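Chemist: Following is a predicted model, sequence given first.
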Amino acid sequence: MKLNWSDVTPKSAWLNRRSFMAAGVALAASPALGLTGRASSLSTDEKPNSFEDITNYNNFYEFGTAKTDPADYAAAMTTDPWSVEIAGLVERPGNYGVADLAPDNALEERIYRLRCVEAWSMVIPWIGVPLASVLDKVGVQPAAKYVSFQTLLRPEEMRGQAYPFIDWPYVEGLRLDEAMHPLTILATGLYSDPLPNQNGAPLRLVVPWKYGFKSIKSIVRITLTENQPLNSWQQLQPSEYGFYANVNPQVSHPRWSQASERRIGAGLFGGRQETQMFNGYADQVASLYAGMDLAKNY
Ligand SMILES: Nc1nc2c(c(=O)[nH]1)N[C@H]1C(S)=C(S)[C@@H](COP(=O)(O)O)O[C@H]1N2
Ligand SMILES: [Mo]
């Protein structure tokens, strides 16, 4: 049974129940009570998109370039067993299971805006853990300055990987302070469900103040590095996509304006809205970029 947003009364009880349903944990697990306070301060009040929108309008080029391709083809991806290799400048490198990194009793709900560089947006109720909790678990060495991420490479299950327009596997990267920021999470679920394959099962990054392409899906490797890593979109077209990719209505993409966005599911005439600096998270993250020229560091 899927809960609907409108079923929520009271919201706080439902938030807990929903997350723990996703984790397969009984409501009786009372650590859940710590969850709502933490989640609500970082979550938006905006109305989440429907589960149907969130799972049928996707970018996941490993399965094709059409928005419906991930919903049509991502079921072919085997997500269990799954392990994430954590390597590079860490104290405890190794292969970790999803439950090691995102244990049931640590899951939080985060309702975030997602702003794609293509100028559409959604609001998604994620379930996951702060990336910082994972990095603390493995121990970051002092020399580490960046975190790089890699998606599964498995062409026999990912039909889009037959087309080498991206140099597969898809890769992404963050500066260490961005990775440690409390808004940055690794998601394992959305609404009351474990993460659907088309949204990046079993574990994907979510960095809500950056264009959606930074939020890399179906992660199999996390590497702590000293040097700034490449990311797939920058590699593909460096004049259009940079490393930072912070949402910025004042810095146009070379081929279109970023000043406004179309909210998916809002209807033909209601859907256009102004894009906010850092996707509305400026109060929390602007200080990370103090003194930087954001037009150069796009
Ligand atoms: N591995 C991988 N991760 C990816 C992508 C992709 O093609 N491959 N697309 C990105 C883009 S462009 C966006 S907008 C978001 C979309 O996330 P969603 O489909 O869950 O809404 O995933 C990002 N993560
Ligand atoms: Mo995107």
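Modeler: Right, received. Where do you want to start? Ligands and ions are numbered 1, 2, ... in the order given.
Chemist: give me the residue from the protein nearest ligand 1.
Modeler: For the chain, the residue closest to ligand 1 is residue 212, as judged by Cβ to the nearest ligand atom, at 2.5 Å. For the C-beta atoms, the positions are set from N, CA and C on the backbone; glycine is no exception.
Chemist: Please name the residues that touch that residue.
Modeler: Contacts for residue 212 were tallied using Cβ atoms under 8 Å, 6 or more residues apart in numbering; they are 59, 114-117.
Chemist: ok, and the most crowded of those?
Modeler: Comparing the contacts of residue 212 by number of neighbours (other Cβ atoms under 10 Å), residue 115 comes first, having 25 neighbours.
Chemist: I'd like to know which of the contacts of residue 212 are part of strands.
Modeler: 114-115 (DSSP state E).
Chemist: Need the max-distance pair from the contacts of residue 212.
Modeler: In terms of Cβ to Cβ, the contacts of residue 212 reach their longest pairwise distance at 59 and 115, which sit 12.2 Å apart.
Chemist: Next one, pLDDT for the residue minimising distance to the centre of the chain please.
Modeler: Among the residues of the chain, the smallest C-alpha distance to the mean C-alpha position (Cα atoms, centre = their mean) belongs to residue 206, namely 2.0 Å. What the model reports as pLDDT for residue 206 is 99.
Chemist: my guess is it contacts residue 112, does it?
Modeler: Yes: applying Cβ atoms under 8 Å as the test, residue 206 and residue 112 come out as touching, 6.3 Å apart.
Chemist: Pull the contacting residues for the residue nearest to the centre of the chain.
Modeler: Contacts for residue 206 were tallied using Cβ under 8 Å, 6+ apart; they are 110, 112, 114, 126, 128, 184-187, 215.
Chemist: Show me which of these is closest to residue 285.
Modeler: Using Cβ to Cβ, residue 184 is the member of the contacts of residue 206 that sits closest to residue 285, with 9.6 Å.
Chemist: from what I can see the closest one touches residue 176, true?
Modeler: No: with contact defined as Cβ under 8 Å, residue 184 and residue 176 do not form a contacting pair (10.8 Å).
Chemist: and for the two, which residues touch both?
Modeler: Contact criterion Cβ under 8 Å, 6+ apart; residues shared by residue 184 and residue 176: none found.
Chemist: and those two? which has more neighbours close in?
Modeler: Counting neighbours by other Cβ under 10 Å for residue 184 and for residue 176 shows that residue 184 has the greater number, 26 against 16.
Chemist: list the contacts for that one?
Modeler: If a contact means Cβ under 8 Å, 6+ apart, then residue 184 has 130-132, 174, 178, 205-207 as its contacts.
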